[in-house]
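Student: make a model of this:
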Amino acid sequence: MGKCRVITACLVAAFLAGCSGGASQGSFTGDTGRKITSAGEAMYRGGSERNGVYNHTGLAKLNGLKWKFTAGSLLNKYTGSLWIYSSVAVADGIAYFGAGDGRMYAVDAQSGELKWSFKSSRMYGGWFVSSPAVADGVVYIGCGDGFLYALDAKSGAGLWKFDAEAEVASSPAVVDGVVYFGDYKGTMYAADARTGKINWRFDANGTVTSSPAVSGGVVFFGGRSSHVYALDAKSGKEIWRFKAGKDVDSSPAVAGGMVYFGAADKHIYGVDAATGKEVWKFNAGHNVYSSPAVFNGFVIAGSWDGYLYALDAATGAEKWKVKTKYRVDSAPTIAGGVVYFGSGDKHIYALELATGKELWRYQTGKEVRTSPAILDGMIITGSEDGSVYALN
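Tutor: The predicted structure is shown next:
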């Protein structure tokens, strides 16, 4: 057997080994078998309003690496599909996240020990960019194979799946028994969280990777039609739409009667949540894909110019900015007066909220595009190197 065939055989064997174990597609029951309420903090950005604020102490002083979990197999590393863009959600001591190897993982939040993994329906293109939401023992996550999955949080067993017929990179929000999410063909959905049956759908006329925020009975999201939409959460009826200069992949944050988001037109916006009227906009110097964090009069967001910006929530005036060595896609999170975020320069940062003073940084293997999940005395976030890092 030639050298190329030997390498190929080894890669295939490694891939099959990496795919063994864990939950597979199997049979889906079509019902969670339980009443679903809301995911609370266990979803992207720490809640349905997507403001990035966590009710935990956080990690103002870094001791070091608590654990590191690396996803994937040798074949994933060889093909370059080993990356993590899915942000971690933590519920009942378990950290949930997806990866570019086509698997959704559940690991112990204190030790990093694998509890289970779930394999998507495709060998190629079945990546998980969407970040999970966990509600009443059910994990909801979108996938590149076109499905939104509802999985048992303890076992990873499939409960139901909805075929959107387009990639689902948008991170679901689970509120009052309804799961909201968007897809690549430009549809925003509201589905019954128990059964997956569609309550309504809305055509946004452009790819939706933005993750919906739900607040006060209204769903807010952006799209590549350059619009941000506000819809009635019960009916899906449009309340207003706001036109930005370019695509809005940033997920809106809702706080204090305002909606904040970034756009590919280099601006961060503050608009009135009730009317959709622009209150202010700030020129961030480059495209803004980062989703803002909002707390105590601050709006915090990153830009492709490498800066993390802190703005006045009422006026959009700059309070401070911190330069990293590459683009900032990561959506910052806040707890205990500290801002946490990742950068394309491979680092995870912690800054003092009031001043922007750097408290610490930690280097990973590649770009950090995920949004850090905050616990008491610990943060957990993923890297493009295919690993999830827990720091304490």
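Student: please count neighbours and contacts with C-alpha atoms only from this point.
Tutor: Fine.
Student: where does pLDDT dip in the protein?
Tutor: Scanning the chain for pLDDT under 70 picks out 1-29, 31, 73-81, 123-125.
Student: would you state the helices of it in chain order?
Tutor: With DSSP state H as the criterion, the chain has helices at 3-19, 74-79.
Student: distance of the closest residue to His267 other than its chain neighbours relative to Gly377?
Tutor: Distance criterion CA to CA, 6 or more residues apart in numbering; nearest residue to His267, sequence neighbours excluded, is Asn283 at 4.6 Å. Computed as CA to CA, to the nearest Å, the Asn283 to Gly377 distance reads 35 Å.
Student: how about Val218, what does it touch?
Tutor: Applying CA atoms under 8 Å, 6 or more residues apart in numbering to Val218 gives the contacts Ala230, Leu231, Asp232, Ala233.
Student: what sits against the last one?
Tutor: Put plainly, it is Ala233. Ala190, Val214, Gly217, Val218, Val219.
Student: just give the number of residues close to Ala191.
Tutor: By the criterion of other CA atoms under 10 Å, Ala191 has 19 neighbours.
Student: go ahead and confirm it touches Asp176.
Tutor: No: with contact defined as CA atoms under 8 Å, Ala191 does not reach Asp176; the gap is 11.2 Å.
Student: quick check: Val175 touching Thr37?
Tutor: Yes: contact criterion CA under 8 Å: Val175 and Thr37 qualify, at 6.4 Å.
Student: residues in contact with the nearest residue in space to Trp160 that is not next to it in sequence?
Tutor: Leaving aside its sequence neighbours, Trp160 sits nearest to Gly30 (CA to CA, 6+ apart; 4.5 Å). Counting by CA under 8 Å, 6+ apart, Gly30 makes contact with Leu159, Trp160, Lys161, Thr195, Gly196.
Student: nearest to Gly46, of these?
Tutor: The closest of these to Gly46 turns out to be Gly196 (CA to CA; 22.9 Å).
Student: that closest one contacts Trp160, correct?
Tutor: Yes: the criterion here is CA under 8 Å, and Gly196 meets it with Trp160 at 6.5 Å.
Student: if we can go back for a sec, out of the contacts of Ala233, which are buried?
Tutor: When the contacts of Ala233 are checked for burial by 16 or more other CA atoms under 10 Å, the buried set is Ala190, Val214, Val218, Val219.
Student: which of the residues you listed lies closest to Glu367?
Tutor: Val214 (29.2 Å).
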